[in-house]
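>>> I would like to see how this sequence folds:
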Amino acid sequence: MPDALPTAAESRLDSAIRQLKFRDPETARKLAGTIARVTKEIGRSPVSVMHVCGSHEQAIAKFGLRATFPKDLNVIMGPGCPVCITDMPEVDEGVALARQGLLIASYGDMLKVRGTVQSLNDAQADGADVAVVYSASQAVELARSTDREVVFFATGFETTAVATAAVIRSNPPKNFSVLSAHKYIPPVMEIVAEMPENRVEGFLAAGHAATITGWGIFEAFAEKHRLPVVVAGFEPLDILAGLARLVELVRDREPAVVNMFPRCVTKEGNRRAQEELWSVFRPVGGRWRGIAHVPNGNLRLRDEWAHLDARRRFPIDLASLWDYAPSALTADCICGDIMSGIASPSNCKLFGKECVPDTPVGACMVSSEGTCKIWHQYGGHPDLGAL
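Numbering: from 1, shown residues only. Sure, this is the predicted structure:
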């Protein structure tokens, strides 16, 4: 029997799927041609733009997009890896609490990141209890399954901070608390833009964070620094389209904010999520690893949630860590310059030698969103011209 003709509903579904072809090679070639043409029209070299998201770097490396960029376009990864920018004293707090006998729950990448002297993995090897969780809600489930005190070492940007806020507002068990190392992206863009060593002429903003905050949050930044911002998604064509629009704005000297991820991002963002976020957290100044003190860049629990704040609930004996000497190699690590966009992994003498994913020295080699680990896995500037 011949195949049955598709129903109208099936045809509409096929059409929708076709519209979601974000990896179409022909469209990618056209976008790459646009990027090359507009970069040439700018008439100087290099033209430097920065993205501030590890997921963007993952996609650029995984799909070999950097090989399609013109040589005069320098696409830099900024401080977009939440694990990498978690500062050493914050890791020290988690390590100290683990060594004091509390059960620490955190995301897997965080276990390898060293503080001043130790990582959570090191503490676990010495007998401390450390559990890997995949979500804030899983940490709450862990607390419900035990009588022990469970501290959720919470890291990540506003995207994951919203999830932490949601569990805090959901009446978690009394043996649950949060050690917040959450960060807020918009303030660090101000810091990077003001660094005298940087020559960044435009920013590619992360679509998932903008889903929460909305693209309108970048308007004041663009106006103040006279730099364009383009919000982009994470499929190859999302990134190429975002870069094509960004270099057009650089060419035209137009400090505008353009949303190239409209299927997820609005100007206002997710207001319900914003209400949850700011009802639990307050922005405070603090250091981002290797970068600088970032005013309003850290998220800490508000006073009304002090009973769930591990910093206020438990004494944290940081002096107990002083007996452990840091690795001499950490003095040669340049993760800070890499996350600031001043250097690339290939500029580091440890990269791929003493510092590899199995034995990382710097935080950038730990996380799947870290520049060094991504470049080690996929290569930094693949030459696909002969393919």
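
>>> other SSEs contacting the longest helix seen in the chain?
When the chain is parsed with DSSP state H, its longest helix is helix 25-42. With contacts defined as 3 or more CB pairs under 8 Å, 6 or more residues apart in numbering; DSSP states H and E, the packing partners of helix 25-42 are helix 236-251. C-beta here means a position set from N, CA and C on the backbone, and glycine is covered the same way.

>>> counting contacts, what elements does the helix it packs on pack onto?
Checked by 3+ CB pairs under 8 Å, 6+ apart, helix 236-251 has helix 25-42, strand 47-51, helix 54-62, strand 73-77, strand 203-206, strand 229-232, strand 257-259 packed alongside it.

>>> turn these into CSV, including mean pLDDT, distance to Trp288 and mean neighbour count.
Formatted as CSV, these follow (pLDDT from 0 to 100; distance: least, CB to CB, whole Å; neighbours: other CB atoms under 10 Å):
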stretch, mean pLDDT, distance to Trp288, mean neighbour count
helix 25-42, 95, 30, 16
strand 47-51, 95, 15, 24
helix 54-62, 89, 14, 22
strand 73-77, 92, 14, 23
strand 203-206, 95, 16, 28
strand 229-232, 97, 20, 27
strand 257-259, 97, 23, 22
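
>>> and these: which comes nearest Asp109?
helix 54-62 (10.4 Å; CB to CB).

>>> convert the closest one to PDB, retaining C-alpha atoms only.
C-alpha atoms of helix 54-62 as PDB (Å, rounded to 0.1, in the frame of the first residue of the first chain):
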ATOM      1  CA  GLY A  54      30.900  29.400  28.100                       C
ATOM      2  CA  SER A  55      28.100  27.900  26.100                       C
ATOM      3  CA  HIS A  56      28.900  30.200  23.200                       C
ATOM      4  CA  GLU A  57      32.500  29.200  23.300                       C
ATOM      5  CA  GLN A  58      31.500  25.500  23.400                       C
ATOM      6  CA  ALA A  59      29.400  25.900  20.300                       C
ATOM      7  CA  ILE A  60      32.000  28.000  18.500                       C
ATOM      8  CA  ALA A  61      34.700  25.300  19.200                       C
ATOM      9  CA  LYS A  62      32.500  22.300  18.800                       C
END
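
>>> by mean pLDDT, flag the weakest helix or strand of this structure.
helix 8-19 (a mean of 63; mean pLDDT, DSSP states H and E).

>>> run through the helices of the stretch 251-387 of the chain in chain order.
271-280, 310-313, 335-339, 371-378 (DSSP state H, counting those that start in this stretch).

>>> counting by contacts, list what the third one packs against.
Here helix 335-339 touches helix 371-378, going by 3+ CB pairs under 8 Å, 6+ apart.

>>> equivalent analysis for the last one, please.
Helix 371-378 makes packing contacts with helix 54-62, helix 335-339 when contacts are defined by 3+ CB pairs under 8 Å, 6+ apart.

>>> just the longest one next, same as before
In terms of contact count using 3+ CB pairs under 8 Å, 6+ apart, helix 271-280 is assigned the packing partners helix 158-168, helix 207-213.

>>> give me the buried positions along the longest one.
Put plainly, it is helix 158-168. Using 16 or more other CB atoms under 10 Å as the test for burial, helix 158-168 gives Glu158, Thr159, Thr160, Ala161, Val162, Ala163, Thr164, Ala165, Val167, Ile168.

>>> and it, how far out from the chain middle?
Chain-centre distance of helix 158-168: 15 Å, with CA atoms, centre = their mean, to the nearest Å.

>>> which elements pack onto it?
With contacts taken as 3+ CB pairs under 8 Å, 6+ apart, helix 158-168 sits against helix 136-144, strand 150-156, strand 176-182, helix 207-213, helix 271-280, strand 292-301.

>>> which residues are contacting it?
Helix 158-168 is contacted from outside by 82, 135-137, 139-140, 152, 154, 178, 180, 182, 184-185, 208-209, 211-213, 273, 276-277, 279-281, 299, 301, 305, 308, using CB atoms under 8 Å, 6 or more residues apart in numbering.

>>> among those, which ones are buried?
Of the contacts of helix 158-168, these count as buried by 16+ other CB under 10 Å: 82, 136-137, 139-140, 152, 154, 178, 180, 182, 184-185, 208-209, 211-213, 273, 276-277, 280-281, 299, 301, 305, 308.

>>> now render the helices and strands packed on helix 236-251 as a markdown table, adding distance to Leu102.
Formatted as a markdown table, the helices and strands packed on helix 236-251 follow (distance: least, CB to CB, whole Å):
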| stretch | distance to Leu102 |
| --- | --- |
| helix 25-42 | 49 |
| strand 47-51 | 37 |
| helix 54-62 | 29 |
| strand 73-77 | 35 |
| strand 203-206 | 33 |
| strand 229-232 | 39 |
| strand 257-259 | 43 |
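
>>> all good on my end, thank you.
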